[in-house]
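>>> got a predicted structure plus its sequence, pasted below:
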Amino acid sequence: MPHAVSASRHDLTAQLHRAGYYPDLVADVIDIALADEEVVAHLVQPETTFDSEVRRHLTVLVLTPTRLVTAHVDDAPADGDNQHTGQAAATTESVALREIRSVAVTHIVSEPERHPSGEGAREVTLAIGWGAVSRIDLEPASCPDPTCDADHGLTGQLTPDDVVVRVSSAAEGADAVRAAVAFARALSRATAA
């Protein structure tokens with residue numbers, strides 16, 4: 001018997017098409033990772049970077065009743081077999097909700113002294129950690145003695161860095177920031193149990 005498609009799943013598909021970055025490919029790889037599990041909440045975040053060339057990237061986060069499914073899609077350069085056509089690399093990962101160790105949300109607001117209660121942030125960074133990837137930030141250790149010239153080694157921080165998504169109202173609009181906050185709220189609720 002076919003599995004009924006929820007309104008949240010339809011909305012996810014619509015968001016993928018709105019992002020416009022290989023929506024059918026992304027939908028296919030997410031469908032495989034979801035394995036017919038219900039979509040509770042989702043966040044679709046396209047990103048374009050400019051260095052020596054334009055590079056596109058899409059991050060999709062999908063919350064199910066038992067897992068967080070992540071998808072990352074990137075343009076891949078043409079190779080020897082495909083000189084004239086581009087390629088894309090699409091990677092999914094499924095993490096059991098019980099494995100998620102942290103859901104960190106950084107809110108950037110303008111004029112914090114005038115921030116009205118309930119007013120949204122102008123930018124949000126959502127960092128989700130489950131221990132698969134960490135970032136180490138090192139700096140020279142300092143000494144309280146201003147005349148000391150000894151090498152005191154390094155000091156630093158180990159920060160979970162499994163998934164980080166930044167959403168800005170200046171770039172993506174206020175609705176995108178609200179969607180990121182709503183997803184963070186749903187994920188925080190789901191991982192609190």
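Yep, that arrived. For clarity, every value in this text was computed on a predicted model and none was experimentally measured. Residues are numbered from 1 along each chain as shown.
>>> so residue 27 touches residue 16, yeah?
Yes: here residue 27 reaches residue 16: they are 5.5 Å apart, a contact under CB atoms under 8 Å. No exception for glycine: its C-beta is placed from N, CA and C like everyone else's.
>>> who's more crowded, these two?
residue 16 (24 against 17; other CB atoms under 10 Å).
>>> wasn't the more buried one part of a helix?
Yes: counting by DSSP: H, G, I helix; E, B strand; the rest coil, residue 16 is part of a helix.
>>> the residue lying closest to it once chain neighbours are set aside and residue 103: what is the separation?
The shortest distance from residue 16 to any non-neighbouring residue, by CB to CB, 6 or more residues apart in numbering, is to residue 23 (4.2 Å). Distance, residue 23 to residue 103, by CB to CB, to the nearest Å: 27 Å.
>>> and if you look at residue 109?
On the measure of CB to CB, residue 109 and residue 103 end up 19 Å apart.
>>> those two: which is more packed in?
residue 103 (20 against 12).
>>> please look at that one and residue 192 and confirm they touch.
No: with contact defined as CB under 8 Å, residue 103 does not reach residue 192; the gap is 9.2 Å.
>>> and the residue nearest the centre of this protein?
Central residue of the chain (CA atoms, centre = their mean): residue 165, 3.5 Å from the mean position.
>>> and whatever helix or strand residue 107 lives in, what does it pack onto?
For residue 107, the enclosing helix or strand under DSSP states H and E is strand 102-108. Packing contacts for strand 102-108, counted by 3 or more CB pairs under 8 Å, 6 or more residues apart in numbering; DSSP states H and E, involve strand 123-129, helix 174-191.
>>> sweet, I'm off.
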